[in-house]
Structures are given as structure tokens and as C-alpha cells.
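K.L.:
build me a structure from this.
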Amino acid sequence: MNLICLSVGMLVQEPVVNVTEAGSPIPQRGEPGRWALPDDPSGMEALAALYRSLEGLRTNRTVFAMLVCASLIALIGRLLAMCTFQPRLAIIPMTLWLAAGEIVQLVLVLVPMAMMWAMMMTLTAVRTLGGGDL
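P.N.:
Purely as a prediction, here's the structure:
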């Protein structure tokens, strides 16, 4: 008997009106604006914070890669320096030592050429892809 009274009472109850944070009722089914939500910039702020942290991680990775390259170059130099204890193995490091002046001159010519080539390719790609005026 109590179960029947409860179910009848539930049928007679007034519908509950949903209220938003501002205090205005939420539109019912079929009314305009039912799916319109208030502005919530928290998602965009969280995304911006994520991008800032990713920028820091990218900077850290770049510094780490530069340190690894420098240590690898130092290890190769140390290996070549260790080869000088025996005359037959010292041919390679001594040849590089004698050719160091010419190698530096070659690098001084090739590095600016590579930089100019990279700038030319960047400008060509920007104009080809329609990236704007440079």
C-alpha cells in the first residue's frame, strides 16, 4: 500500500525546475537556447598553460641536444688524442692537426653559404605556400 502511495505521489509532484548559476531557469526541451552554455574560459586558459609548459620543455630539449653534441665532439677529440701514443695510429690525428688551418678556412666559407641557402629556401617556401609578404 505504501509503495502505491509513493508512486502516486511521485506522479502528482510538481516538476523540478533546473536553475543555472545566474538564477535563470534552464530552457526546457524544444525551447531556443537550450544548448547554449555560458562562456567558460578555463579550458582555453588550461590549454595556454599547457602550451607554455611545452615551450619550456622544447627549450630544455634543445639545450640537452646541444650538450650531447658538444660532449660527443669532445669524446671524438679525446679518442683522436689517445691515438697519438703509437706512431702508426697517430697518422690520422697528426694529419688532421696539420690540415686544421685549411679545414677552418673551408668551414668559414661553407657556413655562410649554408646559411644563405637556408634563408633562400625559407623565402622560397613562404612565397610558394602563400605565407604572406616578407
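
K.L.:
show me which helix runs longest in this protein.
P.N.:
Across the chain, the helix with the greatest residue count (assigned by DSSP state H) is helix 42-82.

K.L.:
what's the spacing between that one and its chain's center?
P.N.:
Its chain's C-alpha centre and that of helix 42-82 lie 12 Å apart, by Cα atoms, centre = their mean, to the nearest Å.

K.L.:
for the following helix or strand past it, name the packing helices and strands.
P.N.:
Downstream of helix 42-82, the next assigned helix or strand under DSSP states H and E is helix 91-98. Packing partners of helix 91-98 (3 or more Cβ pairs under 8 Å, 6 or more residues apart in numbering; DSSP states H and E): helix 42-82. No exception for glycine: its C-beta is placed from N, CA and C like everyone else's.

K.L.:
got the angle between the helix it packs on and helix 91-98?
P.N.:
If you take axes from the mean of the first three to the mean of the last three Cα atoms, to 10 degrees, helix 42-82 sits at 110 degrees to helix 91-98.

K.L.:
which elements pack onto helix 42-82?
P.N.:
Right, helix 42-82 is packed against helix 91-98 by 3+ Cβ pairs under 8 Å, 6+ apart.

K.L.:
in the helix it packs on, what's buried?
P.N.:
Under the neighbour-count criterion of 16 or more other Cβ atoms under 10 Å, helix 91-98 has Pro93 buried.

K.L.:
same question, stretch 78-86
P.N.:
Across stretch 78-86, burial judged by 16+ other Cβ under 10 Å covers Leu80.

K.L.:
and that stretch, C-alpha only, in CSV?
P.N.:
Provided in CSV are the C-alpha atoms of stretch 78-86 (Å, rounded to 0.1, in the frame of the first residue of the first chain):
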residue,chain,number,x,y,z
ARG,A,78,89.7,12.7,-26.9
LEU,A,79,89.7,9.5,-28.9
LEU,A,80,91.9,11.1,-31.5
ALA,A,81,94.2,12.5,-28.8
MET,A,82,94.6,9.0,-27.4
CYS,A,83,95.7,7.6,-30.7
THR,A,84,98.9,9.7,-30.7
PHE,A,85,100.7,7.3,-28.3
GLN,A,86,101.6,5.0,-31.2
